[in-house]
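predicted model and sequence follow; I will ask about them next.
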Amino acid sequence: MHKDDAAALRIPAILIDLSVILGVVGTVQRFLVEFGWLEQHPPIEWLMFAVIPIAFFVYWALNINIGKRLFKLAIVDADTLRPATVPQLFKRSLLFCFLISFNILLVIPIFLSKKNQGFHDRLANTVVVRKEKVAG
């Protein structure tokens, strides 16, 4: 297996994850509009600005990651290659949500670092690998 397989598969995996999250949020928003809740209660519209980041955070903090599962990728501890701990996943997803506005900059280190880690991976001490490389 080529060293950069996991790094290259992260891009389509994240696109799938983004599609899932935005699809769910879009469906909820459409439901709220159809029932007139967004027109009758303007503050709910402002809540939608919070819902999208919260949806991203929950999705990654709970390690749902449909895209990663389809490509058999796993988030693991960078030192032990064991599955990442809940605090690591929490930290990683929180950092990802903060750094998402620098999206293009997040991709560059993934391909340039030895372990193919983005900034959020380095700060959370995690790495994304093919599942057959996961220890224990």
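Arrived safely.

in this protein, which helix or strand is least confident?
Using mean pLDDT, DSSP states H and E, the weakest-scoring helix or strand in the chain turns out to be helix 37-40, at a mean of 66.

phi first, then psi, for the closest residue to Asn125 other than its chain neighbours.
Here the nearest residue to Asn125 in space, its sequence neighbours aside, is Ala78; by Cβ to Cβ, 6 or more residues apart in numbering that works out to 4.9 Å. Backbone N, C-alpha and C define where each C-beta goes, glycine included. In this entry, Ala78 is assigned phi and psi values of phi -70, psi -30 (degrees, to the nearest 10).

go on, Gln117?
As for Gln117, its main-chain torsions (degrees, to the nearest 10) stand at phi -100, psi 140.

and the pLDDT at the closest residue to it other than its chain neighbours?
Once its chain neighbours are removed from consideration, Gln117 has its nearest residue in Val127; the separation is 5.5 Å (Cβ to Cβ, 6+ apart). Predicted confidence (pLDDT) at Val127: the value is 90.

report the beta-bridge partners for Val127.
Each beta-bridge partner of Val127 is listed here: Val76, as defined by DSSP bridges.

touching, it and Lys115? I think so.
Yes - checked against Cβ atoms under 8 Å, the pair Val127 and Lys115 is within contact range at 4.8 Å.

got any residues that touch both of those two?
With contacts taken as Cβ atoms under 8 Å, 6 or more residues apart in numbering, the residues that reach both Val127 and Lys115 are Ala78, Asp121.

between these two, which has more neighbouring residues?
Val127 (24 against 15; other Cβ atoms under 10 Å).

roughly how far apart are that one and Phe111?
Taken as Cβ to Cβ, to the nearest Å, the spacing of Val127 relative to Phe111 amounts to 14 Å.

where's the residue nearest the centre of the chain, which helix or strand?
Within the chain, the residue whose C-alpha comes closest to the C-alpha centroid is Trp60; the distance, by Cα atoms, centre = their mean, is 4.6 Å. Under the criterion DSSP states H and E, the helix or strand holding Trp60 is helix 42-61.

kindly report the same for Val129.
Assignment of secondary structure by DSSP H and E places Val129 within strand 126-130.
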